[in-house]
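[1] test case, fold it:
(one chain, ligands or ions: 2)
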Amino acid sequence: MSGLFDAPEATPLAPGAVLLHAFALADAPAIVAALQAVTAAAPLRRMTTPGGFTMSVAMSNCGPLGWITNRHGYRYVATDPDSGRPWPPIPPLLLRLAGAAAARAGFAGFRPDACLINRYAPGARMALHQDRDEQDFSQPIVSISLGLPALFLFGGLQRGGRPARVPLVHGDVLVWGGPARLRFHGIAPLAAGSQPATGDCRINLTLRKAGAP
Ligand code: MD3
Ligand code: FE
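    Ligands and ions are numbered 1, 2, ... in the order given. Predicted coordinates for the structure are as follows:
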């Protein structure tokens, strides 16, 4: 149910970018439960950048492809380098949710083959960057925010300038596609807080079409 004074369900942030408020809220407990199984098989880990820094965000993946970074660069791989095994499958609930969110934002037929799991402890951040390791930029990225709130930063198509700031809360879903697909974006250092759903951290899931169309 929605009323006159409720927040809007969908906020356009930029051409091609839509914030779907609370779109994942009802499914959040089931998503968190499914992620427990995924991260039991492919534990979250802090990866190393090509420049030799350890990321503050802990990451893992599910799906046919998973994003990794190490001394040699950034790329998508079918095998978890820590275990030598394939990444666990994407939970069907997440495939359904991502497809529904993308359709709602105008991208019908979205079938992700990669889901990057980002865990932010208080203080963790993600510097402004572009997502360009995927093969087909005509496909959107669907992002699901769970747990502690964060300040999402989004800039333009070039580095530099002051990014816009958008608060993201538990259950929010963002869809980035079309002209927004290559915008610079990041996450400000996470403030500490209490969030029983995720254990006092923030989890972000990004569902992507990483491989060949
Ligand atoms: C805008 N994650 O994993 S999600 C990432 O909250 C990443 O963990 C952030 O940036 C996080 O690469 C932001 C929202 C998002 C995801 C992908 C985008 C925004 C985007 C791709 C293009 C433009
Ligand atoms: Fe990104």
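[2] close to ligand 1: what parts of this protein are there?
    Taking Cβ under 6 Å from any ligand atom as the criterion, the chain approaches ligand 1 at residues 116, 118, 126, 131, 141, 143, 174, 176, 180-181, 183, 185, 187, 204, 206. Every residue, glycine included, has its C-beta placed from N, CA and C.
[3] can we see that at 8 Å?
    Applying Cβ under 8 Å from any ligand atom, we find that the chain lies next to ligand 1 at 17, 57, 67, 116, 118, 120, 126, 129-131, 141, 143, 145, 150, 152, 154, 168, 174, 176, 180-187, 202, 204, 206.
[4] buried members of the residues you listed into PyMOL, please.
    In PyMOL syntax, the buried subset of the residues of the chain next to ligand 1 is picked out as below (16 or more other Cβ atoms under 10 Å):
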select buried, resi 17+57+67+116+118+120+126+131+141+143+145+150+152+154+168+174+176+180+181+183+184+185+187+202+204+206
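[5] number of residues surrounding the closest residue to residue 77 other than its chain neighbours?
    Leaving out its chain neighbours, the residue that sits closest to residue 77 by Cβ to Cβ, 6 or more residues apart in numbering is residue 68, at 5.7 Å. By other Cβ atoms under 10 Å, 23 other residues sit near residue 68.
[6] swap in residue 81?
    Residue 81: 11 surrounding residues under other Cβ under 10 Å.
[7] for the closest residue to it other than its chain neighbours, name its beta-bridge partners.
    Distances taken as Cβ to Cβ, 6+ apart place residue 68 nearest to residue 81, at 6.2 Å, with adjacent residues excluded. Bridge pairing for residue 68 (DSSP bridges) gives the partners residue 75.
[8] do the same with residue 186
    Beta bridges link residue 186 to residue 153, judged by DSSP bridges.
[9] give me the pLDDT for it.
    We have a pLDDT of 98 for residue 186.
[10] surely it and residue 130 touch.
    No. Contact criterion Cβ atoms under 8 Å: residue 186 and residue 130 do not qualify, at 10.3 Å.
[11] what about the residue nearest to residue 77, distance to residue 78?
    Relative to residue 78, residue 68 is positioned 11 Å away (Cβ to Cβ, to the nearest Å).
[12] wouldn't residue 190 be in contact with residue 122 here?
    Yes. Using Cβ under 8 Å, residue 190 is in contact with residue 122, at 5.3 Å.
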